[in-house]
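Chemist: quick one: sequence and predicted model below, then my questions.
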Amino acid sequence: MPDQTEQPTDSANNADWAQAGRPPRIAIVGAGMSGIAACVKLEKAGYSDVTLFEKADRVGGTWRENTYPGLSCDIPSRWYCFSFALKAQWSHRYSYGPEIQAYMESVAQTFGVTQKTRFNTAVTDLQYLNGQWQLTTERNEVMTFDIIISATGILHKPAYPAIDGLDTFAGHSFHSARWDHSVDIRDKRVGVIGTGSTACQIVGAITPQVKKMLVFQRTPQWMMALPQIEYSKRWNAMMERFPSLQKLSYHYYMQLMATTFAAGTVGNKTVQRLIHWACRKHLRESVADDALRERLTPNYQAACKRLIFCSDFYPAISSDNAALITERIENIESTGVRTTDGTLHELDVLVLATGFDPGAFILPTRVRGENGVDLETRWAGAPRAHRAVALPDFPNFWMLEGPTGPVGNISLITITEYQVDYVISMLNKMKAEGLSAIKVKSTACENYNASMRQGIKNTIWFTGGCDSWYFDASGLPNLYPFKPTRYLKDMRHPDYSEYELIR
Ligand code: NA7
């Protein structure tokens, strides 16, 4: 990999790469799923002067960070994979974390992404100066790039609960995304705060091993059974032999999820009713104890919060060594968690499955666009972007999985790939027309987000009667409110009239 700290050549000093006839210098921030997709697709499109900056020592993003027991993906693997790297040998329909992480590492290695990545290098500052982006790392290295692609993911900053006394707990305590594998949980009294997707997977996985499992539930969640299967060697051999079957599976699952869960969340009432019915059925058939079932029953519509797919949570919470605590947490003490009824729940291990800061995106990296416009100030707790990828006043800066992207129960890899193709179209446009910059017009971005605000009011996330991490400081869910297929169709053909094409 070239030393990026070296002085650029004369032609590289020319901010207008497209006019100078040189390749653009592209920086990708983050080597998770979207960074890998971007790097591979850029290379295939002929853009190979790419450097990835990764704060950790390996690729993988969320699949590297999360290592908790039971971690799995609730999107079928035959779809939750790169379209350019389909894989025959998935062990299960819904893969477990380590298998997905191994896949990410293998794709990165095979396609040369690893070699282009600067590991252990967090980007602290990005500033648009004189038509180029100045990138500063945590070691105060300063480099210049023509194009920035933010591939930092959405849920990467753990949210720690603001509970009195959290730091006084004398046992082992950690966030679910920072699982401490040095702690032996067998025969321990373990408390889990939260009942989101993460908590359900953890509780389902470890309850049989621990002495006592206490789940602190603030809000019950709807969940559907996960139709997990293990693939047989024969089946996978057939997949290997006939790669067209892998493609068929990829598109089958995409259509299935798009027409069911995705359609249900954005307004299809019949699908919504079916999801609700399936969740109720799952609860009824899994929890025999009436009182426990009552306490596990949400008072809002299924799929209002991010729908959970999990088959082992209900059996786990129903088991003799488990208890569901629904009294509010008063504070945490050295020996355990005290609830508002005065009970002290004594614990050896406390797991904080309390989710993530959903408004982070590329933050805390400081990003300043034209005239020093600061991204964090601009967003003010309600991140917005144009088509989830572009920001007014931030030329040649592209986000993958940015605000108001379609993230509800579908494969983010597919979404990312379409976004990368969109960015590549922009680069091709710059190259063909000798443009020095492309930036989205403020009016286009405002109109787009006005339609998002309007559309979101018809979605289950808004009408379902719940609070969730989807809501931001604007008081609205920060999601794409229409069918994801519409988003994909729109992204296929960029509308350049939405952009200022600067020579
Ligand atoms: P989530 O879905 O944000 O869930 C966090 C859970 O933690 C949820 O049950 C919260 O209750 C609970 N929580 C958060 N803060 C507190 C405090 N202070 N006290 C008690 N309980 C609390 O995070 P996950 O990691 O499970 O999943 C994140 C995403 O990853 C998921 O949506 C998928 O897309 C994959 P609440 O419901 O807010 O009352």
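Modeler: Looks like it came in fine.
Chemist: in the helix or strand encompassing Ala291, what's buried?
Modeler: Using DSSP states H and E, Ala291 falls within helix 290-295. For helix 290-295, the neighbour count (16 or more other CB atoms under 10 Å) marks Leu292 as buried. In short, each C-beta sits where N, CA and C put it, glycine included.
Chemist: gap between Tyr314 and the ligand?
Modeler: With distances taken as CB to the nearest ligand atom, to the nearest Å, Tyr314 is found 15 Å from the ligand.
Chemist: that residue and Lys281 touch, don't they?
Modeler: No: contact criterion CB atoms under 8 Å: Tyr314 and Lys281 do not qualify, at 11.7 Å.
Chemist: who has more neighbours out of those two?
Modeler: Remark: of Tyr314 and Lys281, Tyr314 carries more neighbours, 23 against 12, as counted by other CB atoms under 10 Å.
Chemist: and the one helix or strand that one maps to, what other elements does it pack with?
Modeler: Applying DSSP H and E as the criterion places Tyr314 in helix 313-317. Helices and strands touching helix 313-317, by 3 or more CB pairs under 8 Å, 6 or more residues apart in numbering; DSSP states H and E, are helix 197-206, strand 212-216, helix 269-286.
Chemist: what does the chain have sitting close to the ligand?
Modeler: Within reach of the ligand by CB under 6 Å from any ligand atom, the chain has these residues: 155, 161, 163, 176, 193-199, 216, 218-219, 306, 329, 353-355, 469.
Chemist: and if we set it to 5 Å?
Modeler: Counting by CB under 5 Å from any ligand atom, the chain comes close to the ligand at 161, 194-198, 218-219, 306, 354-355, 469.
Chemist: what two of these are the furthest from one another?
Modeler: Farthest pair in the residues of the chain next to the ligand (CB to CB) is Pro161 and Arg306. Separation: 18.3 Å.
Chemist: who's more crowded, the two?
Modeler: Arg306 (20 against 15).
Chemist: hmm, that one is touching Thr198, no?
Modeler: No: using CB under 8 Å, Arg306 makes no contact with Thr198, being 10.7 Å away.
Chemist: nearest the geometric middle of the protein, what residue?
Modeler: For the chain, the residue nearest the mean C-alpha position is Ile154 (4.5 Å; CA atoms, centre = their mean).
Chemist: can you give me the helices for the stretch 351-500 of the chain?
Modeler: 375-379, 412-433, 442-456, 460-463, 484-492 (DSSP state H, counting those that start in this stretch).
Chemist: alpha carbons of the longest one, as CSV, please.
Modeler: Pointing back at helix 412-433 there. Provided in CSV are the C-alpha atoms of helix 412-433 (Å, rounded to 0.1, in the frame of the first residue of the first chain):
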residue,chain,number,x,y,z
LEU,A,412,-28.3,-4.0,4.5
ILE,A,413,-25.7,-5.5,2.1
THR,A,414,-28.1,-5.1,-0.8
ILE,A,415,-28.9,-1.6,0.1
THR,A,416,-25.2,-0.7,0.5
GLU,A,417,-24.3,-2.2,-2.9
TYR,A,418,-26.9,-0.1,-4.6
GLN,A,419,-25.6,3.0,-2.8
VAL,A,420,-22.1,2.2,-3.9
ASP,A,421,-23.3,1.8,-7.5
TYR,A,422,-24.9,5.2,-7.2
VAL,A,423,-21.6,6.7,-6.0
ILE,A,424,-19.8,5.1,-8.9
SER,A,425,-22.3,6.7,-11.3
MET,A,426,-21.4,10.0,-9.8
LEU,A,427,-17.6,9.4,-10.3
ASN,A,428,-18.2,8.3,-13.8
LYS,A,429,-20.2,11.5,-14.4
MET,A,430,-17.3,13.6,-13.0
LYS,A,431,-14.8,11.8,-15.1
ALA,A,432,-16.9,12.0,-18.3
GLU,A,433,-17.6,15.7,-17.9
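Chemist: so His386 sits right up against Ser442, yeah?
Modeler: No: the pair His386 / Ser442 is not scored as a contact, 9.4 Å apart, by CB under 8 Å.
Chemist: would you format the helices and strands packed on helix 313-317 as CSV with mean pLDDT and distance to Arg293 included?
Modeler: Converted to CSV, the helices and strands packed on helix 313-317 look like this (pLDDT from 0 to 100; distance: least, CB to CB, whole Å):
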stretch, mean pLDDT, distance to Arg293
helix 197-206, 98, 16
strand 212-216, 98, 15
helix 269-286, 95, 6
